[in-house]
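Participant: Fold the stuff below for me.
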Amino acid sequence: MNKTVWFDGREIEAASNLWPLLFSQRFEYAIVQRSALGILKAPSKLKFIVECRNEEDCEDLSMEVIIMSRNRVLLESKKAEGYLTAFIQQIGNQEEMDSAWQAGMKHDFLIAEFKDVTNIPLELLIARLQQTDTKILKAVDSAQDAEIAFGVMEVGCHGVVLETKEAAELVKMNELLGKQEQGKLNLVKGVVRSIEHIGMGYRACVDTTSLMTQIEGMIIGSTSRGGLLVSSETHYLPYMELRPFRVNAGAIHSYIWTPQGMTEYLANLKAGSRVLCVDVEGNTREVSVGRVKTEMRPLIKIEVDAGNEVINTIVQDDWHIRILGFNGEPYNASTLKPGDELAAYICSGGRHVGIKIDEHFEEK
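Facilitator: Residues are numbered from 1 along each chain as shown. So this is what the prediction gives:
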């Protein structure tokens, strides 16, 4: 689910430097005073929200404007006229929570202002409205609060309403939106050309704070030109329990792909690091590392032809290590043979501290 942030600018002067900063970043919604509508020179991507307390506040508003109100009768009237509407209510007890979802389900958005720090009422709202088209937004005052709200009950709320006068908080929220964006990698067919048992070495298991599916894993490669999709430990193992939080990733020198198109060495990961979880369709999501387990194990080098590139990935030489095939089937690393078709990722090479650089060099 793509998350959204509404900036609450009702207390921000139209001449404030916060507005140009807001307009230059990922924000797509802003709550403004009606008087600011004709003054602010916003990009076309930005949608304005105006709070209406009475009918006069709503007169001659463009249909492009979202109407927000605590006045139920007024809001239902504007909804009937074809406006997008947002019901806003403060919630501090059971009665107010029930009132909020019962009224909110009639509108496009429900904005919840919680009196208490706990997210339990938010969980209850999500459960109540999960079968409706109403989008739930929580009022927050920091990017940290927003990140927590986005993760409540795994799916999180649809978005937040951010009230702040701090430029630094806008920057943090913009960075969070970037992390929340689900990306996509263009996976290609990697045809195994050779398998080589290369002896002992250190390999790293990447344990995350998330649960992965049978079609998810991580991109691991020996060079910055690309890697293979090493599977999560979600497929049958006869002698041990499954570990759906883990990818037995590979040799410690290997690159692992991380958010914003960067890479990191497996050896440098630690608790709190962020890496990309990738499925066989190339869909990505950001996950947090909870632990990295490094041990001496026998290793195997898998070399593949992928497009116009030859890449390799070195993993533990064992049957229970799976590499995902181009069509999603898991291959046991120790039984791979030339001609097997694996899911591979190819990109332009050249990295300096994990960042792509435009420079001629060779990796073998």
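Participant: Do you have the helices of the chain handy? List them.
Facilitator: Counting by DSSP state H, the chain has helices at residues 18-23, 55-58, 72-80, 94-104, 120-129, 143-151, 167-180.
Participant: gap between A100 and W6?
Facilitator: Distance, A100 to W6, using CB to CB, to the nearest Å: 17 Å. All C-beta spots, glycine's among them, are computed from the backbone N, C-alpha and C.
Participant: hang on, I meant N248
Facilitator: 42 Å.
Participant: May I see the helices of the chain arranged in TSV, with mean neighbour count and distance to N332 as well?
Facilitator: What follows is the helices of the chain, written out as TSV (neighbours: other CB atoms under 10 Å; distance: least, CB to CB, whole Å):
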stretch	mean neighbour count	distance to N332
helix 18-23	17	51
helix 55-58	14	65
helix 72-80	16	57
helix 94-104	17	49
helix 120-129	18	40
helix 143-151	19	34
helix 167-180	17	34
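Participant: Not counting residues beside it along the chain, what's closest to D145?
Facilitator: V160 (7.5 Å; CB to CB, 6 or more residues apart in numbering).
Participant: Which strand residues bridge that neighbour?
Facilitator: Note on V160: beta-bridge partners V5, K138, judged by DSSP bridges.
Participant: Adding distance to S273 and mean pLDDT, write the helices of the chain out as TSV.
Facilitator: Shown next, in TSV, are these (distance: least, CB to CB, whole Å; pLDDT from 0 to 100):
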stretch	distance to S273	mean pLDDT
helix 18-23	29	92
helix 55-58	49	91
helix 72-80	45	95
helix 94-104	37	93
helix 120-129	28	88
helix 143-151	16	87
helix 167-180	13	85
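Participant: Tabulate these (JSON lines), appending distance to I111.
Facilitator: Formatted as JSON lines, these follow (distance: least, CB to CB, whole Å):
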{"stretch": "helix 18-23", "distance to I111": "19"}
{"stretch": "helix 55-58", "distance to I111": "17"}
{"stretch": "helix 72-80", "distance to I111": "12"}
{"stretch": "helix 94-104", "distance to I111": "8"}
{"stretch": "helix 120-129", "distance to I111": "11"}
{"stretch": "helix 143-151", "distance to I111": "12"}
{"stretch": "helix 167-180", "distance to I111": "17"}
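Participant: Go through those helices and name the closest to Y29.
Facilitator: helix 18-23 (10.2 Å; CB to CB).
Participant: chain center to that closest one: distance?
Facilitator: Distance, stretch centre to chain centre, for helix 18-23: 24 Å (CA atoms, centre = their mean, to the nearest Å).
Participant: which helices and strands does that helix pack with?
Facilitator: Packing contacts for helix 18-23, counted by 3 or more CB pairs under 8 Å, 6 or more residues apart in numbering; DSSP states H and E, involve helix 167-180.
Participant: So which elements touch the helix it packs on?
Facilitator: Going by 3+ CB pairs under 8 Å, 6+ apart, helix 167-180 lies up against strand 4-8, helix 18-23, helix 143-151, strand 159-162.
Participant: possible to save the ones you listed as JSON lines with distance to N93?
Facilitator: Below are the helices and strands packed on helix 167-180 laid out as JSON lines (distance: least, CB to CB, whole Å):
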{"stretch": "strand 4-8", "distance to N93": "24"}
{"stretch": "helix 18-23", "distance to N93": "34"}
{"stretch": "helix 143-151", "distance to N93": "20"}
{"stretch": "strand 159-162", "distance to N93": "21"}
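Participant: Now for K189, how many residues are close by?
Facilitator: Applying other CB atoms under 10 Å, we find 15 residues neighbouring K189.
Participant: what's it in contact with, if anything?
Facilitator: A306, F326, E341, L342, A343, A344 (CB atoms under 8 Å, 6 or more residues apart in numbering).
Participant: can you tell me which of these lies nearest to T132?
Facilitator: Closest to T132 out of the contacts of K189 is A343 (37.1 Å), distances taken as CB to CB.
Participant: List the beta-bridge partners for the closest residue to the closest one other than its chain neighbours.
Facilitator: In space, and not counting its chain neighbours, A343 is closest to L229: 4.0 Å by CB to CB, 6+ apart. Beta-bridge pairing for L229 (DSSP bridges): I219.
Participant: Could I get the phi/psi values of R225?
Facilitator: Here is the backbone geometry of R225 (degrees, to the nearest 10): phi -80, psi -10.
Participant: If you tally nearby residues, what's the number for it?
Facilitator: Neighbours of R225 (other CB under 10 Å): 20.
Participant: thinking again about what came up before, would you mind putting the contacts of K189 into CSV with pLDDT and neighbour count alongside?
Facilitator: Below are these laid out as CSV (pLDDT from 0 to 100; neighbours: other CB atoms under 10 Å):
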residue, pLDDT, neighbour count
A306, 93, 23
F326, 92, 18
E341, 97, 15
L342, 97, 24
A343, 97, 30
A344, 97, 26
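Participant: and V280, backbone torsions?
Facilitator: phi -70, psi -10.
Participant: Tell me the bridge partners for the nearest residue to M218 once chain neighbours are set aside.
Facilitator: Using CB to CB, 6+ apart and skipping residues adjacent in sequence, the residue nearest M218 is V247, 4.8 Å away. With DSSP bridges as the criterion, V247 is bridged to V206.
Participant: thinking V247 is in contact with S210, fair?
Facilitator: No. Using CB atoms under 8 Å, V247 is not in contact with S210, being 10.9 Å away.
Participant: Same drill for the two, tell me which one is more crowded.
Facilitator: V247 (28 against 17).
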